[in-house]
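K.L.:
the following comprises the amino acid sequence and a computationally predicted model.
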Amino acid sequence: MLRVIKNIFIGMILISLCFSQQKIDFRTAEEQAKDPNVALKKSLIFPGVGQLYNDQKIKGYTLIAAELFSLYSFNENRKKYKDYNESYDKSQDYYLRERNRFAWIAIGLYFYGILDSVVEAHLDDFDKIVKENDPQSETGVIDGK
């Protein structure tokens, strides 16, 4: 089971690296600015919703799927631990460890979703600020020489 979880997380990382999210905005400057407080409130509801607010669809849906998978696995291992009988392949301690592991994964994903959505909302207009403050854009040379 641990090998499956590792493969899922490695797969999510590779998918997020392969499909970089280019922002193409046809909105005005007022519409484009993201509010970190709104991103925080949406992320507190469920992990991934803040990423959807920040127009990061792939990351948002991946985070939602990972959270749902971890909660489902937590619940399945909780049931097997609670209603344990000798016909199961694994010991009762195994289901306890798996239940706890998926609980920690779900908690970690929850806090990661909150932190990531707030940071992305703060950095939404980062490219515009860099272009405005770039010394090379005014003179065309470094250090004004």
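P.N.:
Right, received. Where do you want to start?

K.L.:
what's the following helix or strand after the helix or strand of the chain with the lowest mean pLDDT?
P.N.:
Least confident helix or strand of the chain, by mean pLDDT, DSSP states H and E, is helix 29-32 with a mean of 58. Counting by DSSP states H and E, the element after helix 29-32 in chain order, helix or strand, is helix 36-45.

K.L.:
show me what the following helix or strand past that following helix is packed against.
P.N.:
Per DSSP H and E, the first helix or strand lying C-terminal to helix 36-45 is helix 49-53. Packing partners of helix 49-53 (3 or more Cβ pairs under 8 Å, 6 or more residues apart in numbering; DSSP states H and E): helix 36-45, helix 57-82, helix 92-122. The way it works is simple: take the backbone N, C-alpha and C, and place the C-beta from them, glycine included.

K.L.:
looking at those helices, which is closest to residue 1?
P.N.:
Closest approach to residue 1 among the helices and strands packed on helix 49-53 (Cβ to Cβ): helix 92-122, 6.2 Å.
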